[in-house]
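Trainee: model the structure of this input:
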Amino acid sequence: MFENLKLHARAAQNRSILSLFDSPERAEEFSLRWGNMLFDYSKTNMDGAARDLLLELFAQAQVDRKRSAMFSGQKINETENRAVLHVALRNQGKGAIYVDGADVMPEVRATRASMVRFCKDVRSGDFRGQGGKITDVVNIGIGGSDLGPEMAVLALAPYHDGPNCHFVSNIDGAHISDVLKALNPETTLVIVASKTFTTIETMTNAATALDWMSKSVKNPAAQFAALSSATEKTAEFGIPDDRVFGFSDWVGGRYSLWGPIGLSIMIAIGPDHFNAFLEGAYEMDQHFLNTDPLENMPVMLALTGIWHNQVCGYGSRAVLPYDQRLARLPAYLQQLEMESNGKQVSMDGERLSVRSGPIVWGEPGTNGQHAFYQLLHQGTEIVPCEFMVAAQGHEEDLGHHHHLLLANCLAQSQALMVGRAMDDARGLAARKGYEGAELERQAQHRVFEGNRPSTTLLYPKLTPKVLGVLIALYEHRVFVEGAILNINSYDQWGVELGKELATALEPILRLGHKDEKLDASTQQLLDFVREHGN
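Mentor: Numbering: from 1, shown residues only. This next block holds a predicted model:
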């Protein structure tokens, strides 16, 4: 099926995307609406025949069967023999969800209730620091224990009515130093997020935070909470069980902000808004489960991604939220997509015959327009762009700002498709006074080839519920792409080797030993650090 798709793409590669709009129904037929959201993929070179082939690919890959297996608690993470049930964390239904014959929902609800109680205590002042009511929360984690909550807390800034939330992830001492130096240890709550309570970056930062707090308060561990399932280790650290919120191995880190990892989000915006966040994700889950592929937003977002990456050969994808509060969304989606689908081996252990997941990157508009959009418009690489924007902002008194934001977003997708022809470029150059050969030379620099694909996702306003919808939409997109590629989107063996080698190198670096097994380049780098380091 991929070969048929590639043949079709090659036959259409010189076709103008704009020409597809000769059909007056193009925009409507290559868009879909769900709830109060609109996904427009009409500014791509996908035509009806290509879409039919993609839908056949979806059916041949038995994505619907794999989807049912995930939602029913089967162990689709086969390399780790685990279920994949982040959907259970936001489940609003009354039915059971089973893993190994046991309903997991009572535990999910009990953990969420514990989170709500603690959150209310922190926000009300019933839980206090040793210097008064909690004013600041520091979430220490890395990867999924950091990217998700940090992204969501920033995104939902208009709903903040709790303590200020801060995030520390990097093992670079500058990160924790810069965060802590502005805070009062007597009114700070530290949340340590590590399922195993062994993650080296997280535990190093946690120890530093404990030492920082111990210089000002008698019982520093009294102002710590843990998001972990390793209760013995959290107890050794000094954190009592009533401030430890655990989660099961069927929740992967990059899919975990719906449960205990989202505690900082709940503290920032309150339990009611956090529940709206879960409701949005649950509604997207039900849409994904129960809607035919052609009208299914995660499916069509995924098939558009397959068309661009595996079929057309565009190896990167730009995520361009026109919302400053979604500034961390591209980084969040980098992990979600690249850690999930950055694989080279299929579920049966064979090397993939097509590309795996794309390189995902981006920045919020309009900042990106003054940075990398030059390459998007006139560079030699074609980068499919994924625009997203709200119809309205939160700042009612700054409506003119939002109109300009919307105009820029819509104009960029239009410009990528339409471009500027040579005749128009000549006219621009002529109006600037150029003539003859110089006019031709100047005009060449003003030509935009256009024909560059993009999609646009529109929603009314960035609320907690809408953010839940957006994140779940992309989670399910990753699932569909992984299912079509027949890869395991839920392990991450690629991150292990570097961590193992770092563990081995650290004592060599610290103690000044030499290791005859090291390659010459690494040894040279170590020697330089010893010469110039502390």
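
Trainee: thought I176 was touching A209?
Mentor: Yes: using CB atoms under 8 Å, I176 is in contact with A209, at 6.7 Å. Every C-beta, even on glycine, is put in place using the N, C-alpha and C of the backbone.

Trainee: between those two, what contacts are shared?
Mentor: 140, 168 (CB atoms under 8 Å, 6 or more residues apart in numbering).

Trainee: do a quick rundown of the strands in the stretch 101-250 of the chain.
Mentor: In the stretch 101-250 of the chain, the segments counted as strands under DSSP state E, counting those that start in this stretch are 102-103, 128-129, 132-133, 136-140, 164-168, 188-193, 224-227, 244-245.

Trainee: where do the helices of the stretch 301-450 of the chain begin and end?
Mentor: 329-333, 340-341, 373-378, 399-418, 422-431, 436-445 (DSSP state H, counting those that start in this stretch).

Trainee: dump the strands of the stretch 101-250 of the chain to CSV, plus mean pLDDT and distance to K75.
Mentor: CSV is the format used below for the strands of the stretch 101-250 of the chain (pLDDT from 0 to 100; distance: least, CB to CB, whole Å):
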stretch, mean pLDDT, distance to K75
strand 102-103, 96, 14
strand 128-129, 96, 43
strand 132-133, 96, 45
strand 136-140, 98, 30
strand 164-168, 98, 32
strand 188-193, 98, 25
strand 224-227, 98, 24
strand 244-245, 97, 24
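
Trainee: how about these, which one is nearest D40?
Mentor: strand 164-168 (33.4 Å; CB to CB).

Trainee: list the helices and strands the closest one packs on?
Mentor: Contacts defined by 3 or more CB pairs under 8 Å, 6 or more residues apart in numbering; DSSP states H and E place strand 164-168 against strand 136-140, helix 147-155, helix 173-180, helix 263-269.

Trainee: where does the prediction get shaky in the stretch 201-350 of the chain?
Mentor: For the stretch 201-350 of the chain, applying pLDDT under 70 flags no range at all.

Trainee: switch the cut-off to 90
Mentor: Scanning the stretch 201-350 of the chain for pLDDT under 90 picks out 247.

Trainee: residue with max distance from the center of the chain?
Mentor: G436 (50.8 Å; CA atoms, centre = their mean).

Trainee: need the helices of the stretch 301-450 of the chain in CSV (columns: distance to L518).
Mentor: Output for the helices of the stretch 301-450 of the chain, formatted as CSV (distance: least, CB to CB, whole Å):
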stretch, distance to L518
helix 329-333, 32
helix 340-341, 32
helix 373-378, 38
helix 399-418, 47
helix 422-431, 56
helix 436-445, 50
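
Trainee: closest one to R243 among these?
Mentor: helix 329-333 (26.5 Å).

Trainee: sorry, back to before: among the helices of the stretch 301-450 of the chain, which comes closest to L278?
Mentor: Taking CB to CB as the criterion, helix 329-333 is the member of these that comes nearest to L278, at 17.3 Å.

Trainee: max-length helix in this structure?
Mentor: What stands out as the longest helix in the chain, according to DSSP state H, is helix 464-485.

Trainee: re the thing from before, nearest to R10, out of the helices of the stretch 301-450 of the chain?
Mentor: Here helix 399-418 is closest among these (CB to CB), at 20.2 Å.

Trainee: what's that closest one packed up against?
Mentor: Judged by 3+ CB pairs under 8 Å, 6+ apart, helix 399-418 is in contact with helix 373-378, strand 385-390, strand 454-459.

Trainee: any idea of the mean pLDDT for the second one?
Mentor: What it means is strand 385-390. Mean pLDDT, computed over strand 385-390, is 98.

Trainee: name every strand pairing with it and say which way it goes.
Mentor: If you go by DSSP bridges, strand 385-390 pairs up with strand 316-321 (parallel), strand 454-459 (parallel).

Trainee: list of residues touching it?
Mentor: Residues outside strand 385-390 that contact it (CB under 8 Å, 6+ apart): 317-323, 326, 362, 365, 376, 405-406, 409, 412-413, 416, 452-462, 466, 470.

Trainee: the same query, at a cut-off of 6 Å, please.
Mentor: 318-322, 409, 413, 454-457, 459, 461-462 (CB atoms under 6 Å, 6 or more residues apart in numbering).

Trainee: again, but for the first one
Mentor: Contacts to helix 373-378, defined as CB under 6 Å, 6+ apart, come from residues 383, 448.

Trainee: in that helix, what's buried?
Mentor: 373, 376-377 (16 or more other CB atoms under 10 Å).

Trainee: just how off-centre is that helix within its chain?
Mentor: On the basis of CA atoms, centre = their mean, to the nearest Å, helix 373-378 sits 24 Å off its chain's mean C-alpha point.

Trainee: so what touches stretch 523-534?
Mentor: By CB under 6 Å, 6+ apart, the list of residues contacting stretch 523-534 is empty.

Trainee: and stretch 244-256, by the same measure?
Mentor: 82-83, 85-86, 99, 115, 143-144, 226-227, 229, 231, 234, 259-260, 335-336, 339, 490.

Trainee: ok so, going back, mind checking the helices and strands packed on helix 399-418 for the one nearest to A429?
Mentor: When those are ranked by proximity to A429 (CB to CB), helix 373-378 comes first, at 15.7 Å.

Trainee: pull the CA atoms of that closest one into CSV?
Mentor: Extracted C-alpha coordinates of helix 373-378, given in CSV (Å, rounded to 0.1, in the frame of the first residue of the first chain):
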residue,chain,number,x,y,z
TYR,A,373,9.8,31.1,8.5
GLN,A,374,12.3,32.3,5.8
LEU,A,375,13.3,28.6,5.4
LEU,A,376,9.7,27.5,5.4
HIS,A,377,8.9,29.8,2.6
GLN,A,378,12.0,29.8,0.4
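
Trainee: can we start the residue count at 793 from this point?
Mentor: With 793 as the first residue, the last one maps to helix 1165-1170.

Trainee: drop anything exposed from the contacts of stretch 1036-1048.
Mentor: Using 16+ other CB under 10 Å, the buried ones in the contacts of stretch 1036-1048 are 874-875, 877-878, 891, 907, 935-936, 1018-1019, 1021, 1026, 1051-1052, 1127-1128, 1131, 1282.

Trainee: mind checking which of those residues land in helices?
Mentor: Counting by DSSP H, the buried ones among the contacts of stretch 1036-1048 place 878, 907, 1026 in helices.

Trainee: can I get the strands of the stretch 893-1042 of the chain in a markdown table including distance to A1312?
Mentor: As requested, those are exported to a markdown table (distance: least, CB to CB, whole Å):
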| stretch | distance to A1312 |
| --- | --- |
| strand 894-895 | 54 |
| strand 920-921 | 52 |
| strand 924-925 | 57 |
| strand 928-932 | 37 |
| strand 956-960 | 36 |
| strand 980-985 | 39 |
| strand 1016-1019 | 42 |
| strand 1036-1037 | 47 |
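
Trainee: who wins for proximity to I809 among the ones you listed?
Mentor: strand 956-960 (40.2 Å).

Trainee: please export the C-alpha coordinates of that closest one as CSV.
Mentor: In CSV, the C-alpha atoms belonging to strand 956-960 read as follows (Å, rounded to 0.1, in the frame of the first residue of the first chain):
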residue,chain,number,x,y,z
ASN,A,956,2.9,30.1,41.8
CYS,A,957,4.3,27.0,40.1
HIS,A,958,7.9,26.6,39.0
PHE,A,959,9.6,23.7,37.2
VAL,A,960,13.1,22.2,37.5
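
Trainee: contacts for it?
Mentor: 928-932, 938, 942, 945, 967-968, 971, 997, 1056, 1060.

Trainee: how about it: buried residues?
Mentor: Within strand 956-960, the residues scored as buried using 16+ other CB under 10 Å are 956-960.

Trainee: can I get the helices and strands packed on helix 1191-1210 in CSV with distance to R882?
Mentor: Shown next, in CSV, are the helices and strands packed on helix 1191-1210 (distance: least, CB to CB, whole Å):
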stretch, distance to R882
helix 1165-1170, 34
strand 1177-1182, 21
strand 1246-1251, 18
